[in-house]
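> Need a 3D model of the following:
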Amino acid sequence: MSEIGAIILAAGKGTRMKSELPKVLHTINGKALAEYVIDAVHDAGIEKVCLVIGYQADRVKENIHRAVEYALQEEQLGTGHAVMCAKDFLDKVEDVVILCGDTPLIKGRTLKDVISIHKEEGYYATVLSAKVDDPTGYGRIVRDSAGNFRRSVEDKDATDKEKAIKEINSGMYAFNAKELKAALDSLTTDNAQGEYYLPDVITVIREKGFKVGAIKLDDDREILGVNTVEQLEAAGDILNKR
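Just a heads-up that it's a prediction; the model follows:
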């Protein structure tokens with residue numbers, strides 16, 4: 001089984017959108033945010049897709065016009081917990097890409113490149129990163145003196161020195177599905193937000209002696225998430241210029 005699948009996290013309400021509509025159903029040019037992500041996944045040659053849904057789950061199902069599987073996250077207890085809800089899906093694939101349903105600018109070509117590097121380098125966990133001017137709110141990528149990936153630390157748990165790092169965790173990953181599933185079992189909520197953090201599984205996988213890496217994207221706009229109406233408009237402008 002050399003198959004690769006994708007899990008797209010789409011369970012959140014999106015309170016900053018100031019709307020009752022689930023965040024991933026907000027549209028750009030008549031197409032839901034999550035559908036842009038699903039299409040990018042398909043463009044990368046990935047056919048097996050699982051959407052993790054929660055807030056207004058039935059409404060999301062009704063409005064996503066793509067052939068995908070669904071997993072339900074009844075309580076939102078963090079990104080790690082969201083992937084736990086899709087554990088059964090991990091048994092169906094060898095590697096898995098994990099994406100956010102509110103990032104409509106990610107390109108299929110980028111995902112294809114990431115998967116290639118993930119496989120060629122023999123990584124068991126790969127995080128997509130980007131260098132940004134203002135990293136506030138994002139997890140930071142910590143590298144060693146040789147430039148190798150060490151860990152990802154959440155903004156709220158970062159030291160002042162780590163907060164000064166401009167390379168951020170995009171929230172997009174590629175994993176060996178079997179090792180991801182095993183690592184999920186060791187997640188705890190012992191952190192500033194009391195949630196299950198997905199980046200913590202990278203540390204678990206690395207400590208088992210498996211190779212992990214971080215791939216820095218050339219265009220940081222591809223990882224832009226949509227959390228506000230202003231960001232929705234900005235993403236629409238970028239898509240229209242493309």
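
> Return, as residue ranges, the portions of the protein with sub-threshold pLDDT.
1-2 (pLDDT under 70).

> How much space separates residue 203 from residue 170?
Residue 203 sits at a distance of 17 Å from residue 170 (criterion: Cβ to Cβ, to the nearest Å). Bear in mind the C-beta positions are built from the backbone N, C-alpha and C, glycine included.

> quick one: which of the two has more around it?
residue 170 (26 against 18; other Cβ atoms under 10 Å).

> I figured the more buried one hits residue 216, correct?
No - with contact defined as Cβ atoms under 8 Å, residue 170 does not count as touching residue 216 (9.6 Å).

> Quickly list what's touching both of those two.
Counting by Cβ atoms under 8 Å, 6 or more residues apart in numbering, the contacts common to residue 170 and residue 216 are 129, 130.

> ok, then the element right after the strand ranked longest in the chain?
If you go by DSSP state E, the chain has its longest strand at strand 167-176. As assigned by DSSP states H and E, the chain's next helix or strand after strand 167-176 is helix 177-184.

> Now do the same for residue 13: helix, strand or coil?
Assigned state for residue 13: coil (three-state reduction, DSSP: H, G, I helix; E, B strand; the rest coil).

> I'd like the distance between it and residue 83.
Distance from residue 13 to residue 83, by Cβ to Cβ: 19 Å.

> Settle it for me: which of the two has more neighbours?
A count of neighbours by other Cβ under 10 Å puts residue 83 above the other of residue 13 and residue 83, at 29 against 15.

> got the contact list for that one?
By Cβ under 8 Å, 6+ apart, the contact list for residue 83 reads 7, 9, 52, 98, 180, 184, 198.

> quick check, nearest of the residues you listed to residue 220?
residue 98 (18.8 Å; Cβ to Cβ).

> So that closest one is in contact with residue 5, correct?
No - Residue 98 is beyond contact range of residue 5, at 9.8 Å (criterion: Cβ under 8 Å).

> related to what we said a few turns ago, I'd like to check the angle between the longest strand of the chain and helix 177-184, please.
Here strand 167-176 runs at an angle of 120 degrees relative to helix 177-184 (axes from the mean of the first three to the mean of the last three Cα atoms, to 10 degrees).

> Looking at residue 98 and residue 5, which is more packed in?
Between residue 98 and residue 5, counted using other Cβ under 10 Å, the more crowded position is residue 98 (25 against 22).

> Pop out the phi and psi values for that one.
Main-chain torsions, residue 98, degrees, to the nearest 10: phi -120, psi 130.

> So what pairs up with it in the strands?
Counting by DSSP bridges, residue 98 is bridged to residue 7, residue 173.

> who's in contact with it?
By Cβ under 8 Å, 6+ apart, the contact list for residue 98 reads 6, 7, 8, 9, 83, 172, 173, 174, 175, 198.
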